[in-house]
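# structure of the sequence below:
(2 chains)
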Amino acid sequence: MKNMWWKIAGLVLVLYSLIAGLLIRVPDLPVIHESIRNIFYHVCMWFNLLILLSISCINAVRYLAGFNEKFDLRSVEAASTGVFFGLLGLVTGSIWARFSWGVFWTNDPQLNGASASMLIYGAYFVLRKSVNDEEKRARISAVYNIFAYVMMIIFLLILPKLAQGSVHPGKGGNPMALTDLDATMRLVFYPAVVGWIFVGIWIYQIKLRIRIAKEINGL
Amino acid sequence: MENKLFVVITVIAVIFLGISILLISLDCKLTRIEKEQNKKSE
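Next up, the predicted model:
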């Protein structure tokens, strides 16, 4: 394996967070109680999404700067891996909502913003499929990718903070902003974030290498 | 309750280890293919 250490580190950290996340003592906060443990899994998915979609956007800009096909491949594979983690974030969030609020989905700015972001990126893949000419497809989708990234930042990070009446933990004065984590939870949360980011980037790399092997080397 | 928790943890750990083995084997396979491709192109 190429540059093995960070891949193994990622796997070990995620395995540690999966096990320790269920075993450690957690503070009994109102509304969320024991379900607070989901922070070790749910929040990491969104960190991964942000990093992978940033990689995708950067590569879209690099493609437009020189029209090199490899940046288009990097951009689309980072986007698909990022959206995969976004969908996992929606699923883990929905399960968390069921145990905290009694429903899988509620009309909350954070939840609606997250799903709107996923739909915008869903349209990115539809757009790619709808253009047959390779160069045209790469150019149009690179431009759309930049638009989708900006919209994702607005829907996911800016609008939920401005909106009033959010019931999402850490938003609108609700408990459990990341700064409220106690020392024991930090011992699991930070390794979980680092581990999932390593694993996310590794999955992206594998997908990209498979794509390059198929498209450029004709395998 | 304690026993149930350990069963859940074991199941999750086994699934994750399976995914880990899949990722490692895919990575090794790709490295081998890339090496062969590089040799051919040289």
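# list the buried residues in the lowest-mean-pLDDT helix or strand in chain A.
Lowest on mean pLDDT, DSSP states H and E among the helices and strands of chain A sits helix A:159-162, with a mean of 84. Buried residues in helix A:159-162, defined by neighbour count with 16 or more other C-beta atoms under 10 Å in any protein chain shown: A:159-160. Heads up, the C-betas are built off the backbone N, CA and C, glycines and all.
# which strands and helices lie in contact with whatever helix or strand comes next after that helix?
Where DSSP states H and E defines the elements, the next helix or strand beyond helix A:159-162 is helix A:183-215. Packed against helix A:183-215, as judged by 3 or more C-beta pairs under 8 Å, 6 or more residues apart in numbering or on different chains; DSSP states H and E, are the following elements: helix A:4-23, helix A:39-66, helix A:69-101, helix B:2-41.
# so which bits of helix A:183-215 are buried?
Going by neighbour count (16+ other C-beta under 10 Å), the buried part of helix A:183-215 is A:185, A:188-189, A:191-210, A:212-213.
# then stretch A:69-81?
A:71-81.
# what of stretch A:11-26?
A:11, A:13-15, A:17-22, A:26.
# and those residues near chain B, which?
A:11, A:14-15, A:18-19, A:22 (C-beta under 8 Å from any C-beta of the partner chain).
# residue A:196 contacts residue A:46, doesn't it?
No: Residue A:196 is beyond contact range of residue A:46, at 10.0 Å (criterion: C-beta atoms under 8 Å).
# list the contacts of the least confident helix or strand of chain A.
A:108-110, A:113, A:166, A:168, A:171 (C-beta atoms under 8 Å, 6 or more residues apart in numbering or on different chains).
# separate out the buried members of the residues you listed.
A:108-110, A:113, A:166, A:168, A:171.
# just those residues now: which is nearest chain B?
Closest to chain B out of the buried ones among the contacts of helix A:159-162 is residue A:168 (25.5 Å), distances taken as C-beta to the nearest C-beta.
# quick check on that closest one: phi, psi?
phi -70, psi 140 (degrees, to the nearest 10).
# correct me, but it touches residue A:107?
No: applying C-beta under 8 Å, one finds residue A:168 not in contact with residue A:107, separated by 11.5 Å.
# mutual contacts of these two, please.
By C-beta under 8 Å, 6+ apart, no residue touches both residue A:168 and residue A:107.
# quick check, central residue of chain A?
Chain A has residue A:49 as the residue nearest its centroid, 1.8 Å off, counting by C-alpha atoms, centre = their mean.
# list the contacts of that one.
Going by C-beta under 8 Å, 6+ apart, residue A:49 touches A:82-83, A:85-86, A:89.
# excluding sequence neighbours, find me the nearest residue to residue A:160.
Of all residues not flanking residue A:160 in the chain, residue A:110 sits nearest, at 4.1 Å (C-beta to C-beta, 6 or more residues apart in numbering or on different chains).
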